[in-house]
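I'll drop the sequence and a predicted model, then ask my questions.
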Amino acid sequence: MIDFLYSIDKTLFYFFNWTIANPVFDAVMPLLTDWNKSWVGLGLFGAIWLLLLWKGGKKGRIIGILVIPLIFMSDQVSSTLIKPIVARPRPCHEMNGVPVLDHLRLLVPCGSGYSFPSSHAVNNFAFAAFFSSYYRNWAWLFYLYAVLMGLSRMVVGVHYPSDVLGGALIGIMCSMTLTTVWELLAQRYPVLSIDEPLQ
């Protein structure tokens with residue numbers, strides 16, 4: 001059963017990494033996959049965060065503050081907890097000098113971390129689910145961005161589809177956990193409710 005599922009994973013990986021390869025993806029996806037680590041991405045996210053705190057009203061300030069534990073939770077659950085337990089090699093890794101997968105197209109450095117789950121997927125779907133809970137009209141945009149980030153990880157050759165899908169589910173669960181805890185706190189302390197005016 002495991003071998004069968006892995007064969008599906010590999011087939012889907014090659015579909016995203018090889019079958020749909022094109023010059024546009026080859027140019028855009030390597031830039032997209034880690035653009036949030038560049039000064040442009042960091043500057044834009046920093047500006048949005050400050051705008052939430054400054055102009056977002058009570059809702060924006062609470063969401064801006066809650067993003068901090070969300071980042072910590074999603075990153076630690078993925079990188080510190082799950083990845084070392086699963087210890088899955090990336091498709092671009094070598095095991096005892098033998099490539100895990102042959103003939104993949106590696107468009108960015110492979111990275112030394114484990115494959116499951118994709119931390120990019122965990123973090124971006126956590127953000128998408130979290131912001132969609134409070135800005136429902138923009139949910140399509142948040143999830144579109146998260147999907148594109150997940151797609152980029154397969155196109156550039158560093159993650160399997162199951163890494164991205166698993167990461168998406170884990171990220172959404174991280175968001176649901178945080179929002180549930182906050183709502184329970186808000187029931188006990190109404191001043192914390194996003195829908196209540198500051199007192």
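Alright, I've got the coordinates.

Buried residues, the helix or strand that contains Met173. List them.
Per DSSP states H and E, Met173 falls inside helix 161-188. Within helix 161-188, the residues that count as buried by 16 or more other Cβ atoms under 10 Å are 161-168, 170-175, 178-179, 182, 186. The way it works is simple: take the backbone N, C-alpha and C, and place the C-beta from them, glycine included.

go on, stretch 4-18?
Result for stretch 4-18 [16+ other Cβ under 10 Å]: buried residues 9-10, 12-14, 16-17.

Give the bridge partners for Met95, please.
Met95 has these beta-bridge partners by DSSP bridges: Val98.

That one reaches Pro89, doesn't it?
Yes: contact criterion Cβ atoms under 8 Å: Met95 and Pro89 qualify, at 6.0 Å.

out of the two, which sits in the busier spot?
Set Met95 next to Pro89 and count neighbours by other Cβ atoms under 10 Å: Pro89 wins out with 15 against 8.

Tell me which other helices or strands the one helix or strand Ala27 maps to touches.
Under the criterion of DSSP H and E, Ala27 resides in helix 23-33. For helix 23-33, the elements it packs on are helix 139-155, judged by 3 or more Cβ pairs under 8 Å, 6 or more residues apart in numbering; DSSP states H and E.

Quick one: residues in contact with the helix it packs on.
12-13, 16-17, 20-21, 25, 29-30, 32-33, 107, 118, 120-121, 124-125, 127-129, 131-132, 135, 159-161, 163-164, 167-168, 171 (Cβ atoms under 8 Å, 6 or more residues apart in numbering).

before we move on, back to that, now do the helix holding Ala27 against helix 139-155, angle only.
Counting by axes from the mean of the first three to the mean of the last three Cα atoms, to 10 degrees, helix 23-33 lies at 110 degrees to helix 139-155.

For helix 23-33, buried residues please.
25, 29-30, 32-33.

For Cys110, see how far away Asp9 is.
Separation of Asp9 from Cys110 (Cβ to Cβ, to the nearest Å) stands at 17 Å.

picking that back up, the helix holding Met173 packs against which elements?
helix 2-14, helix 57-75, helix 119-134, helix 139-155.

Let's test this: mean pLDDT of that helix, rounded?
What helix 161-188 shows for mean pLDDT is 95.

same deal with stretch 87-106?
Rounded mean pLDDT across stretch 87-106 is 92.

can you list contacts of it?
Against stretch 87-106 from outside (Cβ under 8 Å, 6+ apart): 10, 13-14, 17-18, 21, 110-111, 113-116, 156-160, 163.

mind running it again at 10 Å?
When contacts are defined by Cβ atoms under 10 Å, 6 or more residues apart in numbering, stretch 87-106 is touched by residues 9-10, 13-14, 16-18, 21, 25-26, 82, 107-118, 153-160, 162-163, 166.
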